[in-house]
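Participant: Fold the following for me, if possible:
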Amino acid sequence: MKILLFGGSGLLGTELLKLDQQLIHPTHAECDIGDMRAVRELLATSRPDIIINAAAATDNRKIVKNPTPAVETNIIGAANVALAASEIQARLVYISTDYVYAGGHGNFQETDTLLPFNLYAWTKLGGECSTLAVKNHLIIRTSFGASTFTYPQAFSDKWTSKDYVDVIAPLIYEAALSPLCGVLNLGTERKTLYDYAKERNSQVRPISIADSAHSTQADTSLNLQRWIYYKTGAILKSHTRCRCCGSERLRKYIDMGMMPLANSLDFTGQAARTKERFPLQVLFCEECYLSQLSVVINPRAMFSNYTYRSGINHGYIIHCQQMAAELQQQYHLTADSFHVDIAGNDGTLLKQFKQAIGLRVLNVDPAANLVAIAESEGIESLVDFWSLYLADKITQTHGQADLITATNVFAHVDNVYDFMIAAHRLLKPDGLLVLEFPYLVDFITAAEFDTIYFEHLSYFSILPLHRLCSTTGMKIINVEKQNIHGGTVRVTLAPNASAHEVNANVSRFIETEQELGVGRFEWYADWANRVQTLIAKFAEQLVDLKMAGKHIAAFAASAKGNTLLNSARIGTDIVDYIVDETPEKIGRFSPGTGIPIVHKQTLIKHQPDYLVILSWNFAEEIIAKLAPIYHGQYIIPTDGSTT
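Facilitator: Numbers count the residues shown, from 1 in each chain. Model prediction:
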């Protein structure tokens, strides 16, 4: 991890260098951030992963007399750094000030109104504005002083979250390395400036603001809840070790920018547009070749009340029927077999197996709203996350399983080792674990970038899965391509000691992946460049249509649609509404964009000229379904085509 620090000779920069001597820290003579060419050249040669911009003109008394240095450094210099950081897709951490907030009431939250108190703060706000142009940015609003307090007096009625630079610098360094993005307040507990001063100067005397000639705000204290919440690990954590092999050799190959949770819908457009966002990046493991996100969101935040329903999708129901027939034929399942479905959603898959074969079935899913639907259909269910504990519990209450299925869930799992061990424990000696997940090769060759979202922690090929099996007592006995969801593989596994033989498909898949370049970073980097071009062309296409006076709507408020719209920065100024058939989604608003989600009836009453099919993997089915009620043109976003 390379970190570049601007402002290394300043008060904060000096302290940061004590924490990490490996920081790249050019002097002003080596790189003046006011010189765009110099900044670009430095970033092109050093290629930092993170840039901390702590360079600033800070003395307001001097700035009022001569604002030029502050404008050159705090505004123009910050803009140069932001543009150069954006060009190389580096993370930019910008150090701002608590003085950008309006008024003096204190306890300021990151979303509070901004009205800088003085000219210095105005220039720092200018720097914040340019920082927003960087996909992965963190603006830190804070206040710190030298490590000693040398003034004879301090305000006894001015409240602050300020602290000494040696206290604040470690917090800034930790925040810079964290996955947090957007705006973050950093400081320590609320106190008076006099109490702050007394900590390191026992001789300091109190003075009130009224008795001083110095103009200042009475309360600039910060609400630190976002930082505190992050420190508890309640929402997210950085991912720095490969979940398949444990390697730390992870390289970023695409950055989709800051994204909200894909299925977290709101009841107002304002709430949807202002949702918490996190960096959406994909890393490549140089050891086992697994692609994986750089952050892990707490699964309880995503899955405890899930809005995606399997049973709404007719194509998926047909797929489940075919799966039941194929597995019954291949592995001789009978009515005596016990089948557990991990993350079984509303029970759609188990319903097909139960009807076709008469299996004993059990659905395990953490979403209580979906489990209620499954149980209403006669599918026994448990509201819980899959775990070692749960596997043992099911073994005790139901016995071991002949079949465990996990469709479209394995890519959501952080601890894949425990997942496999738990499945191994629950399976009978000759039992089967059947995984279905989006296939990495299709993900790359078909440019399926919009399947990148926080639920999908990993993007699997067979090579890293084979590596994982070698450590968990399992073996891959078959691999089969499926057409569902734009390209899926069905991988059948069994305990090593089982009598199941390994199908020749397994070695064929592994050989094909090696020939394609699944183990080469360059294969992914080239793909990432193509994706950025596709996103830009899609956005340009919609903007051009809108400027030509066309009305545009979308179909399917899907997770992939959320990634596409947010990465292309498409909102209500371009797309009027999104049609969806899921009852739980209708009446809500798409996260990040604030686009309203409506019933199909709206499509009849307010026909758009163009309809973007966000669930492009079901485009044929959707077009056939809408043919009686919609007569405009369709846009398929993955290839930019219109029909």
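Participant: tell me which residues in stretch 426-439 are buried?
Facilitator: The neighbour-count criterion (16 or more other Cβ atoms under 10 Å) identifies 426-428, 431-439 as the buried residues of stretch 426-439. Yep, even glycine has a C-beta here, placed from its N, CA and C like the rest.
Participant: ok, now stretch 346-360?
Facilitator: Neighbour-count burial for stretch 346-360 flags 346-354, 356-357, 359-360 (criterion: 16+ other Cβ under 10 Å).
Participant: Kindly reformat those residues as TSV and extend each row with secondary structure and distance to Val296.
Facilitator: Putting the buried residues of stretch 346-360 into TSV (DSSP: H, G, I helix; E, B strand; the rest coil; distance: Cβ to Cβ, whole Å) gives the following:
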residue	secondary structure	distance to Val296
Asp346	coil	26
Gly347	coil	27
Thr348	helix	27
Leu349	helix	26
Leu350	helix	28
Lys351	helix	31
Gln352	helix	32
Phe353	helix	31
Lys354	helix	34
Ala356	helix	37
Ile357	helix	37
Leu359	coil	34
Arg360	strand	34
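Participant: before we move on, the earlier item: which ones among the buried residues of stretch 426-439 map onto strands?
Facilitator: 427-428, 431-438 (DSSP state E).
Participant: could you say which helix or strand contains the residue most central in space within the chain?
Facilitator: For the chain, the residue sitting closest to the mean C-alpha position, by Cα atoms, centre = their mean, is Leu280 at 3.9 Å. Using DSSP states H and E, Leu280 sits within strand 278-285.
Participant: related to what we said a few turns ago, for Thr563, state which of the buried residues of stretch 426-439 is nearest.
Facilitator: Pro438 (13.0 Å; Cβ to Cβ).
Participant: Check the gap between that closest one and Ala556 for me.
Facilitator: The spacing between Pro438 and Ala556, counted by Cβ to Cβ, to the nearest Å, is 17 Å.
Participant: likewise Ala447?
Facilitator: Ala447 is 19 Å from Ala556, by Cβ to Cβ.
Participant: show me where pLDDT drops low in this structure?
Facilitator: Residue ranges of the chain with pLDDT under 70: 303-312, 485-486, 639-643.
Participant: so what does the helix ranked longest in it touch, helix or strand wise?
Facilitator: Looking across the chain with DSSP state H, the single longest helix is helix 521-547. With contacts taken as 3 or more Cβ pairs under 8 Å, 6 or more residues apart in numbering; DSSP states H and E, helix 521-547 sits against strand 250-259, strand 278-285, helix 440-445, strand 552-555, helix 559-567.
Participant: want to throw the ones you listed into TSV with distance to Ala121?
Facilitator: Converted to TSV, these look like this (distance: least, Cβ to Cβ, whole Å):
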stretch	distance to Ala121
strand 250-259	24
strand 278-285	27
helix 440-445	45
strand 552-555	40
helix 559-567	30
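Participant: among the ones you listed, which is nearest Gln321?
Facilitator: The nearest among the helices and strands packed on helix 521-547, by Cβ to Cβ, is helix 440-445 at 22.6 Å.
Participant: which SS state does the residue located most distally from the centre of the chain fall under?
Facilitator: Distance from the C-alpha centroid of the chain, by Cα atoms, centre = their mean, peaks at Asp211 (50.5 Å). Taking DSSP: H, G, I helix; E, B strand; the rest coil as the rule, one finds Asp211 in the coil state.
Participant: Okay, it and Ala218: tell me how far apart.
Facilitator: Distance from Asp211 to Ala218, by Cβ to Cβ: 13 Å.
Participant: How about Ser337?
Facilitator: Taking Cβ to Cβ, one finds Ser337 at 72 Å from Ala218.
Participant: Comparing these two, which shows the higher neighbour count?
Facilitator: Neighbour count, other Cβ atoms under 10 Å: between Ser337 and Ala218, Ser337 has more, with 22 against 14.
Participant: who's in contact with that one?
Facilitator: By Cβ atoms under 8 Å, 6 or more residues apart in numbering, Ser337 lies in contact with 357, 359-360, 402-403.
Participant: if we go to 7 Å?
Facilitator: Shown in contact with Ser337 (Cβ atoms under 7 Å, 6 or more residues apart in numbering): 359, 402-403.
Participant: closest to Lys65 among these?
Facilitator: Leu403 (78.0 Å).
Participant: Verify the stated contact: that closest one with His339.
Facilitator: Yes. With contact defined as Cβ atoms under 7 Å, Leu403 reaches His339; the gap is 4.6 Å.
Participant: re earlier: between Asp211 and Ala218, which contacts overlap?
Facilitator: Counting by Cβ under 7 Å, 6+ apart, nothing touches both Asp211 and Ala218.
Participant: mind checking which helix or strand the closest residue to Ser238 other than its chain neighbours is in?
Facilitator: Distances taken as Cβ to Cβ, 6 or more residues apart in numbering put Pro179 closest to Ser238, at 5.0 Å, once the chain neighbours are dropped. Secondary structure assignment for Pro179, by DSSP H and E: no helix or strand.
Participant: contacting residues for Pro179?
Facilitator: Per Cβ under 7 Å, 6+ apart, neighbours of Pro179: 236, 238, 278-279, 294-295.
Participant: hmm, back to that, what residues sit buried inside the longest helix of the chain?
Facilitator: 524, 527-528, 531, 534-535, 538-539, 541-543, 545-546.
Participant: Then stretch 48-66?
Facilitator: Buried, per 16+ other Cβ under 10 Å, within stretch 48-66: 48-58, 60, 63.
Participant: repeat for stretch 70-86
Facilitator: In stretch 70-86, counting by 16+ other Cβ under 10 Å, buried: 70-71, 73-86.
Participant: Contacts for that stretch next, please.
Facilitator: 6, 33-34, 36, 39-40, 43, 51, 53, 55-57, 63, 92, 94, 120, 123-124, 126-127, 130-131, 133-135.
Participant: got the CA positions of stretch 272-283 in CSV?
Facilitator: What follows is stretch 272-283, C-alpha atoms only, in CSV (Å, rounded to 0.1, in the frame of the first residue of the first chain):
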residue,chain,number,x,y,z
ALA,A,272,-32.5,7.6,-1.0
ARG,A,273,-30.2,10.3,-2.4
THR,A,274,-28.4,10.9,0.9
LYS,A,275,-27.8,7.3,1.9
GLU,A,276,-24.5,6.2,3.4
ARG,A,277,-22.0,5.2,0.7
PHE,A,278,-19.0,3.0,0.7
PRO,A,279,-16.1,2.4,-1.8
LEU,A,280,-17.0,-0.3,-4.3
GLN,A,281,-13.7,-1.8,-5.5
VAL,A,282,-12.6,-5.2,-6.7
LEU,A,283,-9.2,-6.7,-5.8
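Participant: who touches that stretch?
Facilitator: Taking Cβ under 7 Å, 6+ apart as the rule, stretch 272-283 contacts 111, 136, 179, 181-182, 236, 250-260, 264, 266, 291-295, 297, 452, 454, 459, 589-592, 594.
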